[in-house]
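>>> Sequence first, predicted coordinates after that:
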Amino acid sequence: MTKPQPEHFDKLGNKIELDDVVAVAHHYGLMIARVVKLNNKMVKVREFRKTQSRWDPGEYNKYSSEMVRIPGPEATVYILKNT
């Protein structure tokens, strides 16, 4: 029997699921990231960028109240422009 996935909601009340694109508060700024894993209390996100190193893999655990889900078309345009 598998564990049920925890439910997380963003700042606006939208449900966050795996592989969603979100805008996250990060180091006094804003980061566009993809949801990688849903933990019990936090959401693991991976930053969109070209290079990832062993010292800074670009994955962070964030509270869902610190993020806003970006709907499909806007997210697709951002991904195509910046990767």
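Alright, I've got the coordinates.

>>> quick one: low-confidence parts of this protein?
Applying pLDDT under 70 to the chain picks out residues 1, 50-51, 82-83.

>>> So in it, which strand runs the longest?
The longest strand of the chain (DSSP state E) is strand 29-38.

>>> Show the subsequent helix or strand relative to it.
Beyond strand 29-38 in the direction of the C-terminus, DSSP states H and E gives the next helix or strand as strand 43-47.

>>> Now find how far off-centre that following strand is within its chain.
With Cα atoms, centre = their mean, to the nearest Å as the basis, strand 43-47 stands 4 Å off its chain's centre.

>>> Next: stretch 62-77.
Stretch 62-77 sits 7 Å away from the centroid of its parent chain (Cα atoms, centre = their mean).

>>> What about the closest residue to residue 26 other than its chain neighbours, how many residues nearby?
Distances taken as Cβ to Cβ, 6 or more residues apart in numbering put residue 60 closest to residue 26, at 7.0 Å, once the chain neighbours are dropped. (Glycine included, C-beta is placed from N, CA and C.) For residue 60, the neighbour count with other Cβ atoms under 10 Å is 17.

>>> show me what contacts residue 60?
With contact set as Cβ atoms under 8 Å, 6 or more residues apart in numbering, residue 60 has these partners: 24, 26, 33, 44, 45, 47.

>>> Strands along the chain, start to end?
Applying DSSP E to the chain gives strands spanning 8-9, 15-16, 21-26, 29-38, 43-47, 59-62, 67-70.

>>> so what does the longest one touch, helix or strand wise?
It stands for strand 29-38. Strand 29-38 is packed against strand 21-26, strand 43-47, with contacts defined by 3 or more Cβ pairs under 8 Å, 6 or more residues apart in numbering; DSSP states H and E.

>>> re the thing from before, any quick PyMOL command for the buried ones out of the contacts of residue 60?
To isolate the buried ones among these in PyMOL, judged by 16 or more other Cβ atoms under 10 Å, type:
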select buried, resi 24+26+33+45+47
